[in-house]
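**Student:** sequence-free structure coming up:
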């Protein structure tokens, strides 16, 4: 059994565990390091913009920033939800993942734009303001949240099923 943060050590009236925040943030950075180059190539191919291997890290800083807040938000929402509501793993995973995506969606739009190759020489803030002014800050939100809900809900359902079966077969450790 792991260390549990005492209620008086939590933030915002005992709701948020700082250990969960830090672990989620660092987990997101780890994910971003792996995901960054693949995201750049994916976006360039989606917008049919040429790229070469020397550009593979372009936009990686924005990917790290997005992923650190995305994953940290997800695990914080999961932790808070476990304290206050009881839902099936599917609903919990889907709802918490979508809350996390809503938290970072504008940053995801900026990340994709910066990786597209169409915003050379512009800063994250310039691209963010341009997307906001043009009304594109939440472009793609509905399909993104639909995918997120189904994918993360399914992942959590499978995770809990496998965990329960392993504990049943191998004994609780």
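**Tutor:** Arrived safely. All values reported here derive from a predicted model rather than from experimental measurement.
**Student:** Next up, the contacts around the residue nearest in space to the middle of the chain.
**Tutor:** With distances taken as Cα atoms, centre = their mean, residue 70 lies nearest the centre of the chain, 2.9 Å away. Residue 70 sits next to 28, 100, 101, 103, 104, 108 when contact means Cβ atoms under 8 Å, 6 or more residues apart in numbering. Backbone N, C-alpha and C define where each C-beta goes, glycine included.
**Student:** One more: residue 78?
**Tutor:** 92, 93, 96.
**Student:** how close does the first one sit to residue 19?
**Tutor:** This means residue 92. Distance, residue 92 to residue 19, by Cβ to Cβ, to the nearest Å: 20 Å.
**Student:** Please apply the same query to the last one.
**Tutor:** Counting by Cβ to Cβ, the gap from residue 96 to residue 19 is 17 Å.
**Student:** out of the two, which sits in the busier spot?
**Tutor:** Each of residue 96 and residue 19 had its neighbours counted (other Cβ atoms under 10 Å), and the higher figure belongs to residue 96 (26 against 15).
**Student:** so that one touches residue 85, yeah?
**Tutor:** No. Using Cβ atoms under 8 Å, residue 96 is not in contact with residue 85; the gap is 10.6 Å.
**Student:** Thought residue 41 was touching residue 55, still the case?
**Tutor:** No. Taking contact to mean Cβ under 8 Å, the distance of 9.1 Å between residue 55 and residue 41 leaves them out of contact.
**Student:** for residue 47, phi and psi?
**Tutor:** Reported as degrees, to the nearest 10, the phi and psi values for residue 47 are phi -90, psi 10.
**Student:** repeat for the one 10 residues further on
**Tutor:** Dihedral angles of residue 57 (phi, psi; degrees, to the nearest 10) stand at phi -90, psi 0.
**Student:** any idea how far it lies from residue 43?
**Tutor:** Here residue 57 is placed at a distance of 13 Å from residue 43 (Cβ to Cβ).
**Student:** With neighbour numbers in mind, choose between those two.
**Tutor:** Each of residue 57 and residue 43 has its neighbours counted (other Cβ under 10 Å); residue 43 has more, 21 against 12.
**Student:** all helices of this structure, in order?
**Tutor:** 18-46, 60-84, 89-115, 124-134, 141-170 (DSSP state H).
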